[in-house]
Every structure is written in structure tokens, then in C-alpha cells.
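> For reference, the sequence and a predicted model appear below.
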There are 2 protein chains.
Amino acid sequence: MQQILVIEDQDLMRLALIQELKNCLAESVLLGAPTLDIAKTLMRSQDFNLVLIDPGLPGVNPISQFDRLSVIEQVVDASPSATHLVITGSDSVAEANHCRRFGVAGYVGKTGLMRGLLAEVLQDISQSGFSVRISPTDQFAADFHYSGLTGREQEILDCMRRRERGMKRKEVYEQIGERIGVDPATVEKYYKQARAKLLRRGRLPDGI
Amino acid sequence: MQQILVIEDQDLMRLALIQELKNCLAESVLLGAPTLDIAKTLMRSQDFNLVLIDPGLPGVNPISQFDRLSVIEQVVDASPSATHLVITGSDSVAEANHCRRFGVAGYVGKTGLMRGLLAEVLQDISQSGFSVRISPTDQFAADFHYSGLTGREQEILDCMRRRERGMKRKEVYEQIGERIGVDPATVEKYYKQARAKLLRRGRLPDGI
DNA sequence: TCAAATAGGGACGGCGGCCCCCCTTTCCCA
DNA sequence: TGGGAAAGGGGGGCCGCCGTCCCTATTTGA
């Protein structure tokens, strides 16, 4: 059973990270710490397999590179047997390199950290031992959500909107189907259902 | 049907905010914009009822109070008919007051912005017209998540762990039951089920 | 022009979450 | 010492999501 610690002060982000980890790991216990002090207390009382660190905690000078690295170093030292991932809102290649020297296994910018990316990073780490995802400078498009869609419908709609132009829908169905382990015809069904719901409400986003 | 825009660069946070809004609003279409430019394009093409703004976007100097306020002002000007909510990682009372002068209806710090708080803020706004939630300086305890629990079980477990000490479990059952509109006996059932699952895995967090 | 792709439906079973009702045993304290 | 609180478990109904299979028009492209 995996023991995981997420150190992040923003409640919704902490919850989102925990949710992401739940999705890509099997049986696991996940603890969330909003401050460094609480995290240290937890690390003293038990060992963790994986520790996520956001060095931008309250009480840390956000401009001081030294303070940020100090937080990371303290956490790594307090849980030497764990795999460490730094998740930060203000990421830089230089800081990523510093972290690597501390023994951190992954460095991820929050901008561009979309659903499923954490799983990729963990995959990378288990294979090559290290993974860095710096925030992209260019941002893509808006995302579209409608409260009347089910999870699957929303997911497939997102994939369809993000498809490369010129790509046939049928190809997308097959691609998605393979990825999520579902019959392409079923994917097609969901897509049509989602589309129909949006049409009935009179709103179709671009790319559909 | 509500038209909502969420301007936030961090993908997971944007998704979490959208999820929160979905939970506390009925029929709604929610658009997510990772940059100010994309947001402006969207606001030009349609009207929104509600706009959430994170002024800490990439390209904005995080130290410059002027830049942050400029972002907010631009968004408010571009969607004059909407209700505006500022959601920020680095909040201050001074900035909240500035925002209020711009016509912003709510100002919320990301730290302490837990599940359901956005609903409270919207409630406040619909009643008194303005709501501010500055990040608390003191942080409470760690949160505990186990992948084997269902949503309800996790939710009720959280409430139980956060109860004031000395409070009887039975009282908590009644309190939760009333809040979520469920029979207290059912709440008790869920709590016991959650507890049993944790015991079988050998892990009981503090406060249980 | 003919086939493939696309749009738009209907029906069905399985599964799991959610909610309610019922039962017993143990423990603590007023 | 009796009663309430707590622990622990079983069953059943309801509903929504998921996945599958099947059907028919219309459009598009080679």
C-alpha cells in the first residue's frame, strides 16, 4: 500500500493533486499538509513512498530562491526514503536543476499540469529516474464545460476539441477508445450524445 | 442558463474551480481561459453572468500591484454585465478594497478556499452584494484520504475528523445529516463503513 | 456514383454509489 | 445498574453512469 504526502497550501489544488494521484495509483493512503510544519510532523511519525512539494508555501519569501530551495531540502532530508516531486507555480529550469541535485525525482510547473500529466511524470520517473515539465510559454485554447454532461461525455468532447485539424472523427474514436480501453463505437456513441445535449441547449463550442 | 468564465492559468486549479461551480449551480456552461488574451476573446464574443479572475497570470509581474489591478480592471471593463470574483494566491485586504472599488463582488484567497466555500461566497454576494475571504494565517491539520473510500464516506470522515473535541459522534451525525439532507442514521452507517475499511487496512488517522 | 463517414436515435444489462431499515454486541458513565 | 452511545454487520431499493449492440437517414469524398 502506497503512503503519499502532498505538501501544498491551496486547498483546492491540494485536493486536485490528491485526486490525480488516486486516479493513477492503486491502493493508497494520501495525506495532505497545508504547511511545512504539519508536513514535518507527519514525516517524523511515518515513512512515505512519494512526497509532492510546493515550495511556494505561506511564510516563504516567494522571491527568495534560497528560501524555496531550503523548503525542498528540508522535506527531502526529512523523508530520505521517498520519491520526491516538486510542483510549483513559478518554475524555472535553473530551479529544476538545483532540485535534481537535492535528489528530487520530478519537477513540474503548475501551468500546463493538466489531468493525467502527473501519471506521465510518474511513469517517466519509474523508467528513467527523472522527469521535468516546465510550464509552456504558449497557451492553447479555452476549455468548455457543460453541467449536463456526464464524465465520459465531457472527457471525449475535450479530446475531440483538441484533435489535430484534418483528423477524421473515426480516427479519434479509435485513438480514444484504445487509450481508455473502450470500444470505438462506444466512444462514438458518447460523442454523439454529448453533441446532441449541447445542440438541444443551443450551444456548440468551436471545434465540434 | 448561466454563462460562466474562469480565468486561471493553472490547469488543475481551473478545473477545480469549474468543478466547484458545477456543484453549487444548476444548469450552466463554464468556459476556462488560461490567459488574459483568450479571456478577452471570449468576452468579446459573448456575455457572461459570472467571471472568476486570477490576477496572477503568466506575463503579469507578480510583485507589481499595479499590473494585478490592471488585469482585474481590464476584465471588469470587458464584461460589465457580469458578477466578478477575484480568486488569488497572494491576497491582501488592501487589494480586496481596490477590487471592490472596481465593482468586483467577491475577493477570495486560494489558501483556505476549501470545498463548498465558493458556494458560501456566492450566497453572501446574492444577499449582501459583497464578500471577502482572506487567507487564514493559521492552518489547521492534515487531511486524510484513502483510495478505497467512496465520496460520501470520505466526506463524512472529513467532517468527523474536523469536529470540535468533546462533541459526541451522535451530534455530528445529526449535524452532517441536516447539512447534506440525509438521515443521521445513514450518516452513521457511512461513518462506520469508512472506519471499518480503514481498520481492515490497518490505518486509522488521528481524530477517529 | 457508390462507399464511407457522420448524425441521431432506441434498448439492455451490469455495476456501484447512495439511501434506508434492520439486527447484535460491547462499553462507559450517570 | 440500566440505558445510551458506539462498533459492526446484512439486506434491499433506486438511480445514474458505463459499455455494448442495433437501427436508420444524410452528407461527403474518392
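Everything's here; your move.
> Look up which residues are beta-bridged to A:Ile87.
For A:Ile87, the beta-bridge partners are A:Val108 (DSSP bridges).
> so how far is DNA strand C from it?
27 Å (C-beta to the nearest atom of the strand, to the nearest Å). C-betas here are computed from N, CA, C, even on glycine.
> How about the contacts made by that residue?
Contacts here follow C-beta atoms under 8 Å, 6 or more residues apart in numbering or on different chains; on that basis A:Ile87 touches A:Glu8, A:Leu17, A:Leu52, A:Ile53, A:Asp54, A:Val108, A:Lys110, A:Leu113.
> Return the closest of those with respect to chain B.
A:Lys110 (4.3 Å; C-beta to the nearest C-beta).
> Would you mark the buried spots in stretch A:101-110?
Within stretch A:101-110, the residues that qualify as buried are A:Val104, A:Ala105, A:Gly106, A:Tyr107, A:Val108, A:Gly109, A:Lys110, counting by 16 or more other C-beta atoms under 10 Å in any protein chain shown.
> which residues touch A:Tyr173?
A:Pro184, A:Ala185, A:Val187, A:Glu188, A:Tyr191.
> let's see it at 7 Å
A:Pro184, A:Val187, A:Glu188 (C-beta atoms under 7 Å, 6 or more residues apart in numbering or on different chains).
> and the gap between the residue nearest the centre of chain A and A:Arg201?
The structure's chain A has its C-alpha centroid closest to A:Leu118; by C-alpha atoms, centre = their mean the separation is 4.0 Å. Here the distance between A:Leu118 and A:Arg201 works out to 33 Å (C-beta to C-beta, to the nearest Å).
> Using PDB, write out the CA atom coordinates for stretch A:135-154.
Taking Å, rounded to 0.1, in the frame of the first residue of the first chain, the C-alpha atoms of stretch A:135-154 are listed here in PDB:
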ATOM      1  CA  SER A 135       5.300  25.400 -17.900                       C
ATOM      2  CA  PRO A 136       4.700  26.100 -21.600                       C
ATOM      3  CA  THR A 137       5.000  29.700 -22.700                       C
ATOM      4  CA  ASP A 138       2.300  29.500 -25.200                       C
ATOM      5  CA  GLN A 139      -1.200  28.600 -24.200                       C
ATOM      6  CA  PHE A 140      -3.700  26.900 -26.300                       C
ATOM      7  CA  ALA A 141      -7.400  27.400 -26.300                       C
ATOM      8  CA  ALA A 142     -10.300  27.800 -23.800                       C
ATOM      9  CA  ASP A 143     -11.900  24.700 -22.300                       C
ATOM     10  CA  PHE A 144     -15.600  24.100 -22.400                       C
ATOM     11  CA  HIS A 145     -17.700  22.500 -19.700                       C
ATOM     12  CA  TYR A 146     -21.400  21.900 -19.500                       C
ATOM     13  CA  SER A 147     -23.000  20.800 -16.300                       C
ATOM     14  CA  GLY A 148     -25.400  18.500 -18.200                       C
ATOM     15  CA  LEU A 149     -22.700  16.200 -19.400                       C
ATOM     16  CA  THR A 150     -21.500  13.000 -17.700                       C
ATOM     17  CA  GLY A 151     -17.800  12.500 -17.000                       C
ATOM     18  CA  ARG A 152     -17.300  10.300 -20.000                       C
ATOM     19  CA  GLU A 153     -19.100  12.700 -22.400                       C
ATOM     20  CA  GLN A 154     -17.100  15.600 -21.200                       C
END
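> Show the average pLDDT along it.
Mean pLDDT, stretch A:135-154: 91.
> quick one on the thing from earlier: quick one: mark the members of the contacts of A:Ile87 that sit in helices.
A:Leu17 (DSSP state H).
> Which of the contacts of A:Ile87 sits closest to A:Thr83?
Closest approach to A:Thr83 among those (C-beta to C-beta): A:Leu52, at 9.7 Å.
> So what pairs up with that closest one in the strands?
Assigned bridge partners for A:Leu52, using DSSP bridges, are A:Val6, A:Leu85.
> Tell me which other helices or strands the longest helix along chain A touches.
Longest helix in chain A by number of residues (criterion: DSSP H): helix A:184-200. Contacts defined by 3 or more C-beta pairs under 7 Å, 6 or more residues apart in numbering or on different chains; DSSP states H and E place helix A:184-200 against helix A:151-162, helix A:169-180.
> Go again with 10 Å.
For helix A:184-200, the packing partners by 3 or more C-beta pairs under 10 Å, 6 or more residues apart in numbering or on different chains; DSSP states H and E come out as strand A:143-146, helix A:151-162, helix A:169-180.
> Tell me which of those lies nearest to DNA strand C.
Ranking the helices and strands packed on helix A:184-200 by their distance to DNA strand C (criterion: C-beta to the nearest atom of the strand) puts helix A:169-180 first, at 3.3 Å.
> Dump that closest one to CSV, keeping only the CA atoms.
Extracted as CSV, the C-alpha positions of helix A:169-180 are listed here (Å, rounded to 0.1, in the frame of the first residue of the first chain):
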residue,chain,number,x,y,z
ARG,A,169,-13.6,11.7,-36.2
LYS,A,170,-13.3,8.0,-36.8
GLU,A,171,-9.6,8.1,-36.1
VAL,A,172,-10.2,10.0,-32.9
TYR,A,173,-12.8,7.4,-31.8
GLU,A,174,-10.2,4.7,-32.3
GLN,A,175,-7.5,6.6,-30.6
ILE,A,176,-9.6,7.5,-27.6
GLY,A,177,-11.1,4.0,-27.4
GLU,A,178,-7.7,2.5,-27.2
ARG,A,179,-6.5,4.9,-24.6
ILE,A,180,-9.4,4.4,-22.2
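> one step back: as JSON lines, the helices and strands packed on helix A:184-200 with distance to DNA strand C would be great.
Converted to JSON lines, those look like this (distance: least, C-beta to the nearest atom of the strand, whole Å):
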{"stretch": "strand A:143-146", "distance to DNA strand C": "15"}
{"stretch": "helix A:151-162", "distance to DNA strand C": "9"}
{"stretch": "helix A:169-180", "distance to DNA strand C": "3"}
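> Any idea which of these gets closest to A:Ser131?
helix A:169-180 (20.1 Å).
> who's in contact with the residue lying farthest from the centre of chain A?
Using C-alpha atoms, centre = their mean, the residue of chain A lying farthest from its centre is A:Arg200. It sits 33.1 Å away. A:Arg200 sits next to A:Gly148 when contact means C-beta atoms under 10 Å, 6 or more residues apart in numbering or on different chains.
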